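Colleague: curious how this folds, go ahead:
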Amino acid sequence: MATGARGRGAGWKRPSRRPSGPGKITVGILCELSNELLTGKPRGWRRRDRGLYSDKHANRNRANLHKDHPLRIYLDHAATTPIRPEALAAMQEGFALWANPSSPHAEGRRAKQTLENARTRVKTALGWDGEVIFTSGASEALAIGLGRAKMDRRLVSAIEHDAVFRAAPDAEVLTIGDDFAVDRELLKATLESGPPSIVAIQHVNSETGVIQPINELTAIVRDAGGVLISDCSQSAGKFDLPDADMIVVSAHKLGGPIGIGALLVKDFALLEPIGGHERGYRAGTENLPAALGFASAAEARDISSVDIGERMSTIAIKGWASWMITASSAFCDIEYAINSLEGIFQPSGASGFAMDSSIMSITMPNVSAAAQLIQFDSKGFAISAGSACSSGTLKPSRTLMAFGISEADAANTIRVSMGWSSTFDDLMKFAEVWREIALKAKR
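Modeller: Down below sits the predicted model:
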């Protein structure tokens, strides 16, 4: 797909950003649903008055997360999310088990048993029936999966995290289609043109929230004799895991500690072992306290079990973390407020694609992302411009431009991302400040 600005004539109107497909909820339907479930109030500017993340608990939640700066609002969960109290408590218990899990004595055996228990807990919490290799994070998991897969060729999508390109610098790049998903026909043709391949396609994009149809893409790859590795750093803990041969997870993106992640593998036979720890697939002493924190954070995922009666057959919220309903409800109001001042939710120009509404890329006309970050930070908001691993550069986001966003718009785009500790009140305050900054820029 060619990059650059999409055609916008005089009568152009940005299509509704609605997810679709099996098991997906459209934003419009979800807005109505979440209003009914969470507020009982009509669509419009409103405050939540009940629930785990209700307004009446906003100050309590924020004070716990920002004790030194209780008035700040954290909306950069796609970079890292605050550690859950359950995970912190588990890590503190883990530090008491200081022995090396590989040691043969009683202390080592006790640590080993606890580590294996944590591994089983992670598998159960994430619904994974394969193997789990603990790593130092998603980057190392990607390096192991892409570097040691028993495949002759590497293919990666154009919108992958930088860690994928570092792990497979010589990989062939798959472009994105007009529906913002990996071009299926190109994928089929590329797979047929060469030897068996490992294909890296992320589940949820960390800058835009666009969801790739991993189950469909995995079937295409398997039919061609290849394997698919999916970076689920942004989706694990929010949605059920997709069907893939390997899955990458990062603990600190779901409320666990920084410094641990996992490569989930259907079958160890897909990888070349190197000896050492983790069944011979990773060197280095295991981090037991972090593994316990990871397991507790994964278990703390509070899946929504709201009864929506007859609509359950067409509105599949089963498998969503319950705080995602809050995020999706807030998205509707934020979109209305920002569109009224010519703000643009990215990517734009298509309809019917799936999305994670807890991650938003928003373009403010004529105001650079750097200038926006400074103003938001001064007003107490923690947000970002693209992936935290690349936001230190002054270049427009490679990922945004791969979605067909012009370089000019990409340079004026910020990322806002919600998480388990976000409140509806936080999100409404963000919308108010965004409008304030945009109105100031128009004067």
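Colleague: G209: what's it in contact with?
Modeller: 355-361 (C-beta atoms under 8 Å, 6 or more residues apart in numbering). (Each C-beta comes from the backbone N, C-alpha and C, glycine too.)
Colleague: now it: closest residue in space, sequence neighbours ignored.
Modeller: I359 (3.4 Å; C-beta to C-beta, 6 or more residues apart in numbering).
Colleague: who wins for most neighbours among the contacts of G209?
Modeller: M360 (30 neighbours; other C-beta atoms under 10 Å).
Colleague: in which helix or strand does it reside?
Modeller: Secondary structure assignment for M360, by DSSP states H and E: strand 359-363.
Colleague: was I right to think the residue nearest to G209 contacts N205?
Modeller: Yes - between I359 and N205 there is a contact under C-beta atoms under 8 Å: 7.5 Å.
Colleague: identify the contacts common to the two.
Modeller: Q234.
Colleague: run a quick neighbour tally on Q346.
Modeller: Q346 - counted by other C-beta under 10 Å - has 25 other residues nearby.
Colleague: residues in contact with it?
Modeller: 208, 361-363, 400, 403, 405, 409, 413.
Colleague: who's in contact with the residue of the chain most remote from its centre?
Modeller: Distance from the centre of the chain peaks at H105, with 40.6 Å (C-alpha atoms, centre = their mean). By C-beta under 8 Å, 6+ apart, the contact list for H105 reads A99.
Colleague: try it again with 10 Å
Modeller: Each residue near H105 by C-beta atoms under 10 Å, 6 or more residues apart in numbering is listed here: 99, 111.
Colleague: quick one, phi psi at it?
Modeller: Main-chain torsions, H105, degrees, to the nearest 10: phi -80, psi 180.
Colleague: you'd agree L155 is in a strand?
Modeller: Yes - counting by DSSP: H, G, I helix; E, B strand; the rest coil, L155 is part of a strand.
Colleague: what pLDDT does it get?
Modeller: Here the pLDDT value assigned to L155 is 98.
Colleague: pull the number of nearby residues for it.
Modeller: L155 has 23 neighbours, counted by other C-beta under 10 Å.
Colleague: count of neighbours near P347?
Modeller: Neighbours of P347 (other C-beta under 10 Å): 26.
Colleague: low pLDDT regions in the stretch 251-400 of the chain?
Modeller: 302-322, 350-351, 386-394 (pLDDT under 70).
Colleague: that one: helices as residue ranges?
Modeller: For the stretch 251-400 of the chain, helices defined by DSSP state H, counting those that start in this stretch occupy the ranges 288-299, 323-339, 369-378, 398-402.
Colleague: and the helix or strand following the last one, what's buried?
Modeller: Think helix 398-402. Sequence-wise, the next helix or strand downstream of helix 398-402 (DSSP H and E) is helix 407-411. By neighbour count on 16 or more other C-beta atoms under 10 Å, the buried set for helix 407-411 is 409-411.
Colleague: so what does helix 407-411 touch, helix or strand wise?
Modeller: strand 344-346, strand 359-363, helix 369-378, helix 398-402 (3 or more C-beta pairs under 10 Å, 6 or more residues apart in numbering; DSSP states H and E).
Colleague: give me the mean pLDDT for it.
Modeller: 94.
Colleague: next one: it to chain centre, how far?
Modeller: 22 Å (C-alpha atoms, centre = their mean, to the nearest Å).
Colleague: just stretch 358-378 next, same as before
Modeller: 20 Å.
Colleague: what is the neighbour count of the closest residue to A298 other than its chain neighbours?
Modeller: In space, and not counting its chain neighbours, A298 is closest to A125: 3.7 Å by C-beta to C-beta, 6+ apart. A125: 19 surrounding residues under other C-beta under 10 Å.
Colleague: for the remainder of this discussion, apply numbering that starts at 2.
Modeller: Shifting the count to begin at 2 puts that one at A126.
Colleague: now A126: how far from A119?
Modeller: 10 Å (C-beta to C-beta, to the nearest Å).
Colleague: mutual contacts of those two, please.
Modeller: Joint contacts of A126 and A119 (C-beta under 10 Å, 6+ apart) are 295-297, 299.
Colleague: ranking by neighbours, what's the top pick from those?
Modeller: F295 (32 neighbours).
Colleague: chain neighbours aside, what residue packs nearest to it?
Modeller: A252 (4.0 Å).
Colleague: would you agree that neighbour is in contact with G138?
Modeller: Yes - the criterion here is C-beta atoms under 10 Å, and A252 meets it with G138 at 7.8 Å.
Colleague: show me the contacts for the closest residue to D268 other than its chain neighbours.
Modeller: Nearest residue to D268, sequence neighbours excluded (C-beta to C-beta, 6+ apart): G131, at 6.8 Å. By C-beta under 10 Å, 6+ apart, the contact list for G131 reads 124, 245-248, 265-269, 271.
Colleague: related to what we said a few turns ago, so the residue farthest from the centre of the chain versus H253, what's the distance?
Modeller: The spacing between H106 and H253, counted by C-beta to C-beta, is 32 Å.
Colleague: could you measure from G131 over to A386?
Modeller: Taking C-beta to C-beta, one finds G131 at 36 Å from A386.
Colleague: and N367, by the same measure?
Modeller: From N367 to A386 the distance is 16 Å (C-beta to C-beta).
Colleague: does F382 touch Q376 like I think?
Modeller: Yes - F382 lies in contact with Q376 (C-beta under 10 Å); the separation is 8.9 Å.
Colleague: show me which of those two is the more surrounded one.
Modeller: Each of F382 and Q376 has its neighbours counted (other C-beta under 10 Å); F382 has more, 22 against 17.
Colleague: contacts only, for the more buried one.
Modeller: 73-77, 373-374, 376, 415, 417, 427, 430-431, 434-435.
Colleague: one more: P197?
Modeller: 150-154, 222, 225-228.
Colleague: next structured bit after the longest helix anywhere in the chain?
Modeller: For the chain, the longest helix by residue count, based on DSSP state H, is helix 107-127. As assigned by DSSP H and E, the chain's next helix or strand after helix 107-127 is strand 132-136.
Colleague: what helices or strands is the helix or strand that comes right after that following strand leaning on?
Modeller: Helices and strands here follow DSSP H and E; after strand 132-136, the next one along the chain is helix 139-149. Judged by 3+ C-beta pairs under 10 Å, 6+ apart, helix 139-149 is in contact with strand 132-136, strand 154-158, helix 163-168, strand 198-201, strand 228-232, strand 247-251, strand 262-266.
Colleague: before we move on, the earlier item: mind checking which of the contacts of G131 are buried?
Modeller: Here, 16+ other C-beta under 10 Å leaves 124, 245-248, 265-267, 271 buried among the contacts of G131.
Colleague: for M325, state which of the residues you listed is nearest.
Modeller: I248 (19.2 Å; C-beta to C-beta).
Colleague: so what's the residue nearest to A299 up against?
Modeller: 237-238, 255, 295-302.
Colleague: using TSV, please lay out those residues together with distance to F346.
Modeller: Converted to TSV, the contacts of A126 look like this (distance: C-beta to C-beta, whole Å):
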residue	distance to F346
A237	24
G238	23
L255	24
F295	33
A296	36
S297	34
A298	29
A299	30
E300	33
A301	30
R302	27
